[in-house]
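**Student:** dropping a prediction and its sequence here:
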Amino acid sequence: MTPCDGCTGCRVDFCGDGRRCLIEGEQCDDANNVNGDGCDANCQFEQCGNGSLDPGETCDDGNAVDESDPQVPISPTDNCPKICVIGTCGAGSTTAQVVPVDFTAPPGAPALFGITVFLDYPDGKADLVGSGAGITASLSNVNPGALNSPNDLDYGLLDGMVSFTGLSGNKLFDVTLQRCPGLPPLAAADFTCLVKDASDQFGNAVAGVTCSVGIP
């Protein structure tokens, strides 16, 4: 790093001159103004979360979080995973696999009348048919009497459920994923499930509710 004041050694400092100047706002300077080499054309590091689509990324929304983080709100949704890559299946025939999703309320908790969960599924190993709200055909055995509003983000499933009589049992729903060609059956360890919110009949938050995948 060379200290810079706009003129170094009787030459004008600029991005791409190979001299990293902090006061010019440069994070890096690799002596060119080319993207895709780790230091972009504006002398900023190419990394997930910088808001630019860098090599190897399929998305970049300017942050390094996603819906699997409890602090990320349900709305607006974060449509890009924290690694800035949404995996897809390669060519070939997929295999359907049903994945049960359940919830557990802590002892003494009131009946749940509303719940929103985020199912982080292995998008590099399996796909959901459709996207957004268009994946309802992949859901079955929904908790009796519950209305659900699925939203597939292509890296995970965000699903809000409301029941006017209270959720019964522990079943939320089953989701049918299409396993990528040549891969072994999905295991519970391939998933994480997060309860984004849960509420009683009066809309009060119910703490301590968890969700899980029930693959044996």
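**Tutor:** Ah, there it is. Numbers count the residues shown, from 1 in each chain.

**Student:** buried ones in the helix or strand that contains Ser212?
**Tutor:** Counting by DSSP states H and E, the element that carries Ser212 is strand 210-213. By 16 or more other CB atoms under 10 Å, the buried positions in strand 210-213 come out as 211-213. Any C-beta I mention is one placed from the backbone N, CA and C, and that applies to glycine too.

**Student:** each with direction, which strands does that strand pair with?
**Tutor:** Strand partners for strand 210-213, identified by DSSP bridges, are recorded as strand 95-104 (antiparallel).

**Student:** partners of the helix or strand following the strand it pairs with, with directions?
**Tutor:** Towards the C-terminus, the helix or strand next in line after strand 95-104, according to DSSP H and E, is strand 114-120. Paired neighbours of strand 114-120 in the sheet (DSSP bridges): strand 157-162 (antiparallel), strand 192-199 (antiparallel).

**Student:** list the contacts of Ser149.
**Tutor:** Taking CB atoms under 8 Å, 6 or more residues apart in numbering, we find Ser149 in contact with 133, 159-161.

**Student:** would JSON lines of the residues you listed with distance to Gln44 be doable?
**Tutor:** Output for the contacts of Ser149, formatted as JSON lines (distance: CB to CB, whole Å):
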{"residue": "Ala133", "distance to Gln44": "36"}
{"residue": "Asp159", "distance to Gln44": "37"}
{"residue": "Gly160", "distance to Gln44": "37"}
{"residue": "Met161", "distance to Gln44": "42"}
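
**Student:** what ranges do the strands span in this structure?
**Tutor:** Secondary structure of the chain (DSSP state E): strands located at 7-8, 11-12, 95-104, 114-120, 126-127, 139-140, 147-152, 157-162, 171-179, 192-199, 210-213.
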